[in-house]
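Undergrad: Let me see the structure of the following:
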Amino acid sequence: MSIRRSRVALGVVLSILLGACAALAQQQQPNLPQVQQPLKVRVEMVHLFATVRGRHGGIVSDLTKNDFHVYENGKQQKIAYFSQEMNLPLTLGLLIDTSGSQQRLLGDEQIAAKRFLQQVMTPKDLAFVITFDTEVNLLADFTESVGRLDRAIDRARINAPLAPSIIVETPLPQRSDGTHFYDAVYLACHDKLAGQAGRKALIVLTDAQDYGSMETLDDAIEAAQRSDVVVHILLIANPWQYMYAGGYRGEGVAEKLAKQTGGRVIRVTSGKQLDKAFASLAHELRSQYVIGYYPTDSARNGAFRRIKVETTQKHDHVLTRSGYYAPSQ
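TA: Numbers count the residues shown, from 1 in each chain. Modelled structure (predicted):
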């Protein structure tokens, strides 16, 4: 036999032996369970902006993290973040009802609103101005300029049609009848504030009577809740005005909208009361606690979760949003 043939034969034998050894080792190896990667569930922090008022209505500003208890759907949550920051950036929407029912106080509203913005706005803040009646008009888009906001407020007119004499920088969707209060709140939250971060608030000067909106009150509330917007309402109404219009329902509407979003309803009947109401809101917006927690419920099901915040003092009243919508898959 030649040397070449001997080497080939030897290689074949070695291959057979190695294959047999590998098969035997595989048979003797125990069946070990596969190591699974740990399942990671992303839980996003829920942020709450809370104002606390004491027994006599004054703002309580000296509380600590240990003074608060937070509950989500009845289950207590662990507070992971706490701050008493007075100068956090604010994004503010000012909505002015310019339907006929507001004719008597519109001038006072304009003066008080401009004074409020001069008092509350800082260089870090943004604001916009919307008027609503038979149409919803954006008179000033997001700006830090108080002067630009003042000029927009001055252009508010009762039932003013869109015309060249009325400078409307960005008209929002409109209809041709009624007072579109719900539409105005919905559009301000859904179209304007949803993409903004941090503290967000709407201040609405209105009688809270709606006629002809495409959106419902519940739609407006949901838009505010999904956008984390607090809605404060300066309620300007004389119920006797509505005797021949089906009665006055605005007070209940205003209370529901404000309560569900963590805001307040302040009843106003005069220019002097307007000044006091705006001053109260300015103080409140700069006196909030920031509370953050990671919810124990990690389900990403898009469900609405109710929030309750209490302090250790039973007479304190905490003003914050009533809940939030969980993230979806």
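
Undergrad: Show me where the chain dips below the pLDDT cut-off.
TA: Across the chain, the stretches falling below the confidence threshold (pLDDT under 70) are 1-42, 160-177, 239, 241-246.

Undergrad: Break it into its domains for me.
TA: Residue ranges of the domains in the chain are recorded as 46-85+289-325, 90-270, according to automatic domain parsing.

Undergrad: For residue 281, find the nearest of those.
TA: Judged by CB to CB, the one of the domains of the chain that comes nearest to residue 281 is domain 90-270, at 5.8 Å. Every C-beta, even on glycine, is put in place using the N, C-alpha and C of the backbone.

Undergrad: Now do the same contact list for residue 310.
TA: With contacts defined as CB atoms under 8 Å, 6 or more residues apart in numbering, residue 310 is in contact with 68, 69, 71, 316, 318.

Undergrad: make it 6 Å
TA: With contacts defined as CB atoms under 6 Å, 6 or more residues apart in numbering, residue 310 is in contact with residue 69.

Undergrad: most packed of the domains of the chain?
TA: When the domains of the chain are scored by mean count of other CB atoms under 10 Å, the highest mean neighbour count falls to domain 90-270 (a mean of 19).

Undergrad: Quote the end-to-end distance of that domain.
TA: Start and end residues of domain 90-270 are separated by 28 Å (CA to CA, to the nearest Å).

Undergrad: Please apply the same query to stretch 144-159.
TA: Its start and end residues considered, stretch 144-159 measures 27 Å (CA to CA).

Undergrad: before we move on, the earlier item: would JSON lines of the domains of the chain with distance to residue 280 be doable?
TA: What follows is these, written out as JSON lines (distance: least, CB to CB, whole Å):
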{"stretch": "domain 46-85+289-325", "distance to residue 280": "9"}
{"stretch": "domain 90-270", "distance to residue 280": "7"}
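
Undergrad: With respect to residue 278, which of those lies nearest?
TA: domain 90-270 (3.8 Å).

Undergrad: which phi and psi does the most centrally placed residue in the chain have?
TA: Centroid-nearest residue in the chain, with CA atoms, centre = their mean: residue 228, separated by 1.3 Å. Dihedral angles of residue 228 (phi, psi; degrees, to the nearest 10) stand at phi 60, psi 40.

Undergrad: before we move on, what about residue 141?
TA: Geometry field for residue 141 lists phi and psi as phi -80, psi -180, criterion degrees, to the nearest 10.

Undergrad: quick one: it and residue 129 touch, right?
TA: No: counting by CB atoms under 6 Å, residue 141 stays clear of residue 129, with 8.8 Å between them.

Undergrad: what's the closest of the domains of the chain to residue 279?
TA: Nearest to residue 279 among the domains of the chain is domain 90-270 (7.4 Å), distances taken as CB to CB.

Undergrad: so residue 102 sits in a helix?
TA: Yes: counting by DSSP: H, G, I helix; E, B strand; the rest coil, residue 102 is found in a helix.

Undergrad: how close does the closest residue to the residue nearest to the centre of the chain other than its chain neighbours sit to residue 95?
TA: With sequence-adjacent residues excluded and distances taken as CB to CB, 6 or more residues apart in numbering, residue 228 is closest to residue 200, at 6.0 Å. Distance of residue 200 to residue 95, computed by CB to CB, to the nearest Å: 13 Å.

Undergrad: Run through the helices of the stretch 151-300 of the chain in chain order.
TA: Read by DSSP state H, counting those that start in this stretch, the stretch 151-300 of the chain holds these helices, from start to end of the chain: 181-187, 217-226, 250-261, 271-285.

Undergrad: what does the third one contact?
TA: Outside of helix 250-261, the residues within contact range by CB under 6 Å, 6+ apart are 207-209, 221, 224, 230-231, 233, 235, 237, 264-265, 321-322.

Undergrad: Now with 8 Å, please.
TA: If you take CB under 8 Å, 6+ apart as the criterion, helix 250-261 is touched by 181, 185, 206-210, 217, 220-221, 224-225, 229-233, 235, 237, 239, 263-265, 321-322.
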